[in-house]
Structures are given as C-alpha cells and as structure tokens.
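K.L.:
Need a 3D model of the following:
(chains A, B and C)
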Amino acid sequence: MAGLDRDGDVFVLDLGDGENRLNPAAVAAINARLDEVTAAAGPKALVTTAEGKFWSNGFDLAWMTANPGEIGPFIQSVRVLFARMVTLALPTVAAVGGHAFGAGAVLALTHDQQVMRVDRGYFCLPEVDVDIPFSIGITELIRARMPVRTAHEAMTTGRRYGGDDALAAGIIDGVADQEKVLATAIAMARPLTGKASRTLGTIKSRLYATAVAGLVSGEAVEVPV
Amino acid sequence: MAGLDRDGDVFVLDLGDGENRLNPAAVAAINARLDEVTAAAGPKALVTTAEGKFWSNGFDLAWMTANPGEIGPFIQSVRVLFARMVTLALPTVAAVGGHAFGAGAVLALTHDQQVMRVDRGYFCLPEVDVDIPFSIGITELIRARMPVRTAHEAMTTGRRYGGDDALAAGIIDGVADQEKVLATAIAMARPLTGKASRTLGTIKSRLYATAVAGLVSGEAVEVPV
Amino acid sequence: MAGLDRDGDVFVLDLGDGENRLNPAAVAAINARLDEVTAAAGPKALVTTAEGKFWSNGFDLAWMTANPGEIGPFIQSVRVLFARMVTLALPTVAAVGGHAFGAGAVLALTHDQQVMRVDRGYFCLPEVDVDIPFSIGITELIRARMPVRTAHEAMTTGRRYGGDDALAAGIIDGVADQEKVLATAIAMARPLTGKASRTLGTIKSRLYATAVAGLVSGEAVEVPV
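P.N.:
From the prediction side, this is the model:
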C-alpha cells in the first residue's frame, strides 16, 4: 500500500515493492496520501517512487476479473485520480525506476516531470495490443503531455520505450542510474517547492482543461470483446 | 489509376506514374482499393507509393476548371477520404518518393508514418501562395500531425521541405535513397501488421477526433477570388 | 511610445527604449502603428523591436495600481491586441534584443517568428511566482505556440530562458549577437513579404482559432489576492 515519507519539503509517495497495480485499495491509499500532501502548509513538492522492477504495471486485472460488476466505477475513480494528479497545486515528479505500463504509464504522465532508470524498465501503452481503446479523456491527456508524433506512435504501436528512448521521444525529462533515480527526482523537485500554490493548481487546470473535462465526464468503460 | 499489390501482409497502394492529382476518378479508385484492404482478414498494413517524380501533386486543377459546378462535392469527398485514411484500422506508411504538394502533402500526413526520398522531391503546402486558405478541418489535421511551430511555418510560408528538412522539422519519420523508399516503407510497416484491429481504428479516431469532425462537417469550399 | 519605421517592405515597430510596459497609451500606440501597417498596400512584413535592455517587461503595474477601476477593460484590450497580432495578415518577426517578461513574453509569442539576443535577456512567464494564473485565452495561446512540454515548464515554473535556452526549448527561431538582432529579424522577414495577404490572415485565424476565441471572449480578469 502506498506510503508517504518526507525529505525536507519534498513529500515522497512510495507506490510499493510489487507490481503496484491499480485497484480500489491502491487508489484509496494514493488519494489518502495526496490528502495529506495537499493539506500540508508551506513550500512543498511531491515525488512518486516505487521499489523493485515495477513502478506501476497498470490496472489490477486479477481484481477486475474477480469483481466484474465494479469495473466501471473503479476505472472512473482512476480517471478522477489522473485528473487530480495532473492539476495538483504543487510541483510533482515521477521517479520511474521500473516498468510503467498502461494505466501506470499514464499515472507517470500526470506528473509535471518524469525521470526514468537508464538501463532497465519500460514506459509502454500496450492498449492496442490488448484490444482496449483509450477513452477520450485519456487520449486527450496523453496528447497533451508529449509531442504529437510521439503520442501517435506510443498509442498506435504499443512501443516499449526504455529510458533513453523515452527521453529522445520527449516523453520524460531525464534518466538516471538505478540507485540515483529517486535522488534525481528529489533534486528536480526541491528547487520548485516554492511554486506550490493555488495559482499553480489553476495554471495546470487550464493547461489540461480538455483532458480533465474528459476524465471526469464519466465516459462509458470499454472492456475487450 | 491507383493500383493495389501485396507484399506478404503489407498492401501496396500505387498512386500512379504521373502527377497523381486528385480528381473524382482518382478518389473513387483510392476508395475502392481501401475497400479491398479493409475487407481483408488477418494481419495487414498499407503502404502508399507512386512512381516517378511525383507522389501526388494535389488537386487536379484542370478537372476543377472544366467542372466548376462539381468542385464543392468533390473537395468534400477528398476531406472524407482524408478522414478515412487518418482513422484507418491498420498501420499505414506513405512511401513518398516524389513531390507531395497541397492536398497531396495532406494525403501523406494522413498516414501513420512517412518516409521521403532523401535527395529530391518536396513536401509543400503552397496554399498561402495560391490564395486558398486551409479549411478548418484541414487546419486541425495538419496541426495534429506535426509540431506546432512546424505547422505554423509550413502553413504560413509555403516552405518546400526536402527529405532531410522534413525529417528535421518533425513532419516525417525517415528518409531513404530513391530506390529504397518503398522498401523502407514496407520494412516500417511489416512489424506492425499485427496491430491491425478495430481497436486501432478507434484509437486513431479519438486521437484525431477534432480534425475528423471538421473534415466531415461539410464546411463551405473556398476558391481563389 | 511605439514608433514605426520602414526598411524596404519591412515595417519596423519600435516598442521604445525603456521597460516598454503595456498600459493604455502603449496599447493605443501599438494599435495605431498596426493600423498603418495593415493599411499599406503591396508586399510587407512587420518586425517588432526595442532599444536597450528590455523588449517589454509586461504590464505597467504602476499604472494598474494607480487606476484600479480600469484594470479589467485594459487587460481585455491587451488580450484583443494579442488576438490581432497572432492573426495579422502579414509575416511578423519579434526582434527580442532584451527582456521579454509576462505579457511582454506573450506579445513576442504572437509573432510568427522570434529571434533573441544570444548573450543577455530572458524570456520569462513569471505568473506562477506573482500569483496570477494565466487566463484561458492566454493559456491556449501559449500552448499553441510552443512544444507542449515547454509550455508546461514555462507556465508552471516561471523559468527564465536565455536565448540559447529558448531556442533549444522550441520557443524561438534564432539567436543573434546584440547588434545583429534587428538585422537578423529583418533578414528573416524580408523574403516573406510576398506572403502578406488576406489569405495569410485567414490561415493564422484558423490555426489559432481556439486561442483567439478565448482572448476575445471577455473572461473575468484575475488579480492577486
């Protein structure tokens, strides 16, 4: 379950040491941690990290299979989490030290900046291969967070981007050796803690207004046929 | 008239060996070939090529001059063709071995990827020089297929981009020697044939939803005054 | 007050030799110069320059403090000026030889191209630091004029971009030594004078339709609380 630490003014959200897949408990835990962070006064920033070979491997398919009747509301809760993250009123950096797949990759994109491990781990949107189209809100979010040609490639081919590939494609801001991913992310976040403000939240809300409108609109959930 | 061949799972649409300008017969032929391709089962991709010094030189102005009363419905049929191409439910690559001008350049952009001949041939949107503004749908399509600063330059200056220029500007994905343009495009398409699916079509439809809405909306057709 | 010269077919608008902040008199003077330029027949382009260490330092805060009741209409007049500049029916180049901050930086962005002094002077959007969110129209304008990741950084961090930084980030088109900024801008504009036309204005209007709609919509003006 997501844990929260603090390194000076930088909050560190730890997604866990497993595959860190998204299910209702994980979403609730992340939201509770974000409640703590947003309630804190003063300068602040957020770094989201994980331990082990996964940052987040996306939706918890086992939970979804076991709870078919709850898939719709659950996926909508993830979309709302993405809308919350991309408009958070403080600087955010994803310390992507392991795989970020599907909804996990999108979660990484909702941060202001991303740093990936240089030698291992992929950023990948495999939806085209598992026959689940991106919703309109997710489509707009991805489009708004990377160059248009990169969004096209990432979404239509399911390409697995290593750290250097993702940097060259304009998806992320930096790469680091395994043991330095978290420290690099914290170093990127620390000089920005003074920017945390309601104004920053408004700036992000307007910058991603189209994506946010789609994410919170309650689009129908599509499952493979 | 457009011909269709097949190289393994890759369909090869040949626009012809002339200027390959768009007129009702050409649009009908291309649509008929696309009908064949979309009807085919199994893994597949499409490469669109041409012979000689032109890939497509745009609208058939001679036909338009001879048929002034049919210009409106014809141009609308081209917009619908562009909307079809950009949302095609299979991977597409334009093997641009010659000039791609005006509507011909836009047709190239409707493909997922483009490869140009390295030493000769231009990608050019000359509309500003011939006094025909881009329709809203075409504007949105161009904007959605290249970096914003490149779209501005291409649309407001009519710059002629050679292969290397177009690659550097982010309009295309690769360049090749004349005799290797088609083979390069096929090599780009082949590993992606397994992505052909209704899901891929949905992904593209949402990625280019604004452009498609404009293209199919039946905007008034503008002609030089 | 803004002056207007002419170098062949290139009009040169001089913002002044002070901080060149925007207030009602400055906006009226710029609009009057633009009236002259738009009324001129034949091939033409516009280069906007300034003297000294500032190109434009943004809103005239002293005037705003002294005239609190006029802030709303004044800021709306600046938005309309931005909408006019970004859709001007002739090629435009900003010769940014000094600082371009806040509304001054946005004014630079409304030109087709920008060249900055290489060794000194910053392009900076400090709004996040002074607690004034960008309006929806300004947000759309900035988004539409630079790569998405750059827009995010510029708007959420208030980063000060020197000339080389701005060039690398995709905000501007070139840099030059101090004494060559204006000459470089004129050299960029001159080959494009033949593009001046109603069609060019229509092309730009459609390319920036969303931004223009926001700019002229009369959004409420926000002031720091």
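
K.L.:
For chain A, what lies in contact range of chain B?
P.N.:
For chain A, the contact set with chain B under CB under 8 Å from any CB of the partner chain comprises A:127-129, A:131-136, A:139, A:143, A:147-149, A:151-152, A:155-158. Bear in mind the C-beta positions are built from the backbone N, C-alpha and C, glycine included.

K.L.:
go with 6 Å
P.N.:
Contact residues, chain A versus chain B (CB under 6 Å from any CB of the partner chain): A:128, A:131, A:133, A:136, A:139, A:155, A:156.

K.L.:
Widest-spaced pair of the residues you listed?
P.N.:
A:131 and A:136 (17.5 Å; CB to CB).

K.L.:
more neighbours, these two?
P.N.:
residue A:136 (18 against 15; other CB atoms under 10 Å in any protein chain shown).

K.L.:
ok, now which ones touch the more buried one?
P.N.:
If you count contacts by CB atoms under 6 Å, 6 or more residues apart in numbering or on different chains, residue A:136 has them with A:214, A:219, B:206.

K.L.:
try residue A:4
P.N.:
By CB under 6 Å, 6+ apart, the neighbours of residue A:4 are A:13, A:33.

K.L.:
What strands line up against the helix or strand in which it is found, and which way round?
P.N.:
Assigned by DSSP states H and E, residue A:4 belongs to strand A:3-7. According to DSSP bridges, strand A:3-7 forms sheet pairs with strand A:10-14 (antiparallel).

K.L.:
Tell me the buried residues in the helix or strand that the partner strand is followed by?
P.N.:
Once the chain leaves strand A:10-14, the next helix or strand it forms, by DSSP H and E, is helix A:24-39. By 16 or more other CB atoms under 10 Å in any protein chain shown, the buried positions in helix A:24-39 come out as A:26, A:27, A:29, A:30, A:33, A:34, A:37, A:38.

K.L.:
residues in chain A within reach of chain C, list them.
P.N.:
Within chain A, the positions lying close to chain C (CB under 6 Å from any CB) are A:195, A:199, A:200, A:202, A:203, A:206, A:207.

K.L.:
I figured the first one was touching residue C:128, is that so?
P.N.:
Yes: contact status for residue A:195 versus residue C:128: in contact at 5.5 Å, counting by CB atoms under 6 Å.

K.L.:
more crowded one of these two?
P.N.:
Shown here are residue A:195 and residue C:128; by other CB under 10 Å, residue C:128 has more neighbours (26 against 21).

K.L.:
Identify the residues contacting that one.
P.N.:
Residue C:128 neighbours (CB under 6 Å, 6+ apart): A:195, A:199, A:200, C:158.

K.L.:
and of those residues, the nearest to chain B?
P.N.:
Proximity of the contacts of residue C:128 to chain B (CB to the nearest CB) peaks at residue C:158, which lies at 21.4 Å.

K.L.:
Look up the pLDDT of residue A:122 for me, please.
P.N.:
Residue A:122 carries a pLDDT value of 98.

K.L.:
State the number of residues packed around it.
P.N.:
If you count neighbours by other CB under 10 Å, residue A:122 ends up with 20.

K.L.:
tell me the phi and psi of the nearest residue to it once chain neighbours are set aside?
P.N.:
Once flanking residues are discounted, residue A:122 sits nearest to residue A:160: 4.0 Å by CB to CB, 6 or more residues apart in numbering or on different chains. The phi/psi pair for residue A:160 (degrees, to the nearest 10) reads phi -90, psi 110.

K.L.:
just checking, residue A:160 touches residue A:124?
P.N.:
Yes: with contact defined as CB under 6 Å, residue A:160 reaches residue A:124; the gap is 4.5 Å.

K.L.:
Of these two, give the one with the bigger neighbour count.
P.N.:
The neighbour count for residue A:160 versus residue A:124, taken as other CB under 10 Å, is higher for residue A:124 (22 against 16).

K.L.:
among the residues of chain A next to chain C, who's most crowded?
P.N.:
Neighbour counts for these peak at residue A:200, which has 26 neighbours (criterion: other CB under 10 Å).

K.L.:
Where does it sit: helix, strand or coil?
P.N.:
helix (DSSP: H, G, I helix; E, B strand; the rest coil).

K.L.:
got a pLDDT number for it?
P.N.:
Residue A:200 is given a pLDDT of 98.

K.L.:
isn't it right next to residue A:89, touching?
P.N.:
Yes: proximity of residue A:200 to residue A:89 meets the contact threshold set by CB under 6 Å, at 5.2 Å.

K.L.:
Excluding chain neighbours, give the residue nearest to residue A:210 in space.
P.N.:
residue A:140 (5.0 Å).

K.L.:
Run through the residues that contact the one you found.
P.N.:
A:210, A:211, A:214.

K.L.:
Could you tell me how many residues sit around residue A:139?
P.N.:
Residue A:139 has 23 neighbours, counted by other CB under 10 Å.

K.L.:
which residue sits closest to the residue in chain A that chain B sits nearest to, ignoring its sequence neighbours?
P.N.:
Residue nearest to chain B within chain A: residue A:133 (3.9 Å; CB to the nearest CB). Nearest non-adjacent residue to residue A:133, counting by CB to CB, 6+ apart: residue B:202, 3.9 Å away.

K.L.:
Residue A:132 is in contact with the one you found, correct?
P.N.:
No: Residue B:202 lies out of contact with residue A:132 (CB under 6 Å); the separation is 9.5 Å.

K.L.:
State whether the residue nearest to residue A:210 is indeed within a helix.
P.N.:
Yes: checked against three-state DSSP, residue A:140 lies within a helix.

K.L.:
Report pLDDT for it.
P.N.:
pLDDT, residue A:140: 98.

K.L.:
any idea how far it is from chain C?
P.N.:
12 Å (CB to the nearest CB, to the nearest Å).

K.L.:
any idea how far that residue is from residue A:219?
P.N.:
11 Å (CB to CB, to the nearest Å).

K.L.:
if I pick the residue nearest to residue A:217 when sequence neighbours are not counted, what's in contact with it?
P.N.:
What sits nearest to residue A:217 in space, not counting adjacent residues and going by CB to CB, 6+ apart, is residue A:137, at 6.5 Å. Neighbouring residues of residue A:137 by CB under 6 Å, 6+ apart: A:79, A:214, A:215.

K.L.:
what helix or strand is residue A:137 on?
P.N.:
helix A:136-143.

K.L.:
Identify the residue spatially nearest to the spatially most central residue of chain A, adjacent ones excluded.
P.N.:
Per CA atoms, centre = their mean, the C-alpha nearest to the average position across chain A is that of residue A:107, at 1.6 Å. Leaving aside its chain neighbours, residue A:107 sits nearest to residue A:56 (5.7 Å; criterion: CB to CB, 6+ apart).

K.L.:
OK, contacts around the one you found?
P.N.:
A:15, A:20, A:100, A:104, A:107.

K.L.:
What pLDDT does the model give the closest residue to the first one other than its chain neighbours?
P.N.:
Sequence neighbours aside, residue A:50 is the residue nearest to residue A:15 in space, at 4.1 Å (criterion: CB to CB, 6+ apart). For residue A:50, the model assigns a pLDDT of 98.

K.L.:
again with residue A:225
P.N.:
Looking at residue A:225, the pLDDT reads 46.

K.L.:
again, but for residue A:75
P.N.:
On the pLDDT scale, residue A:75 is placed at 97.

K.L.:
That one - how many residues pack around it?
P.N.:
By the criterion of other CB under 10 Å, residue A:75 has 21 neighbours.

K.L.:
Same question for residue A:68.
P.N.:
Residues contacting residue A:68 under the criterion other CB under 10 Å number 9.

K.L.:
Now do the contacts for residue A:151.
P.N.:
With CB under 6 Å, 6+ apart, residue A:151 has these contacts: A:142, A:143.

K.L.:
Give the helix, strand or coil label for it.
P.N.:
Look at residue A:151: counting by three-state DSSP, its state is helix.

K.L.:
distance of whichever residue of chain A sits closest to chain C from residue C:154?
P.N.:
Among the residues of chain A, residue A:202 lies closest to chain C, at 3.9 Å counting by CB to the nearest CB. As judged by CB to CB, residue A:202 and residue C:154 stand 16 Å apart.

K.L.:
Please apply the same query to residue A:7.
P.N.:
27 Å.
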